[in-house]
Every structure is written in structure tokens, then in C-alpha cells.
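Participant: pasting the sequence and the predicted coordinates here, then a few questions.
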Amino acid sequence: MSTDETSRFVRLKVELVLEIADGEALTGAALQRVAEDEAMPDGERTHAESAVQEDEAEAVAYLVDPFDLVGDVPGAELVQASWSSEQVDYDPDSPDWDLDDDEAEDGEERA
């Protein structure tokens, strides 16, 4: 592709593993975030509060915002984002968790 034909869009893939050291602090912060969200309808708020209290992964999802990662990147604007979180069995010694591979799953070089 020439410079004129190059897409102006970039897909950024990030994978993180968090260790929850204080579940109560995490849940409390997520509940506070849900309570402060003025745009959230009451029915959705009730569901969100229940989900956050039952599952720490849901609490993380309410606290992590992709805009926070790229909001200050000069010359770039976030146009779409989706994210999810789930509890996983993590073994740092397992090759399944080796994030330092030379190639990504789709064969592209990692930066």
C-alpha cells in the first residue's frame, strides 16, 4: 500500500493478567464507579451492582476503561472499544502464559 492507501485505523490488542490482592477494595471501588455513573439506568445499575458483588472479574471490567489507555495519545482518537474480563487459572511457569513470543498468534511480529 502506498502512503495514500494506508488505513488510518490501528487495532491495538492488549492482554493483561491481574492478581486480586484485596477483593473488598476492588468490589468497593467498582460499586462506587457504578453508583457515580449518572448515565446508567436504574435497572442496569441494579444488575451491575449484583454482578460486581458476585464476581471480581466483573468488578475489574467496571473499573478498566480502554479510553484511559489511549485518551492522551497525541493525534489519535478512540473510535471503538470492547473489553471483557474473566477469572482464569494462572501459572506463570506454563508456556501457555508466555507473552514474550517473537510472533503473535496470527503470525504478526510483536512490537
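Facilitator: Cool, got the structure. Residues are numbered from 1 along each chain as shown.

Participant: contacts, neighbours, all on C-alpha from now
Facilitator: Will do.

Participant: centroid residue for this protein?
Facilitator: Nearest to the mean C-alpha position of the chain, by CA atoms, centre = their mean, lies Trp83 at 4.8 Å.

Participant: so that one: helix, strand or coil?
Facilitator: Here Trp83 is coil, with the state taken from DSSP: H, G, I helix; E, B strand; the rest coil.

Participant: now do the same contact list for it.
Facilitator: Each residue near Trp83 by CA atoms under 8 Å, 6 or more residues apart in numbering is listed here: 61, 66.

Participant: where are the low-confidence patches of this protein?
Facilitator: Counting by pLDDT under 70, the chain has low-confidence residues at 1-4, 99-111.

Participant: give me that answer again for 80
Facilitator: For the chain, the stretches with pLDDT under 80 are 1-5, 98-111.

Participant: residues touching Ala59, list them.
Facilitator: Counted by CA under 8 Å, 6+ apart, Ala59 has contacts 26-27, 30-31, 51-53.

Participant: so how far is Gly75 from it?
Facilitator: 31 Å (CA to CA, to the nearest Å).

Participant: next: Asp68.
Facilitator: 15 Å.

Participant: the more surrounded of these two?
Facilitator: The neighbour count for Asp68 versus Gly75, taken as other CA atoms under 10 Å, is higher for Asp68 (9 against 5).

Participant: and the gap between the more buried one and Ala81?
Facilitator: 11 Å.

Participant: same question, Met40
Facilitator: When distance is defined by CA to CA, Met40 is 18 Å away from Ala81.

Participant: between those two, which has more neighbouring residues?
Facilitator: Neighbour count, other CA under 10 Å: between Met40 and Ala81, Met40 has more, with 13 against 10.

Participant: got the residue ranges for the helices in the protein?
Facilitator: Taking DSSP state H as the criterion, the chain carries its helices at 23-36, 42-54, 56-63, 66-70.

Participant: good, wrapping up.
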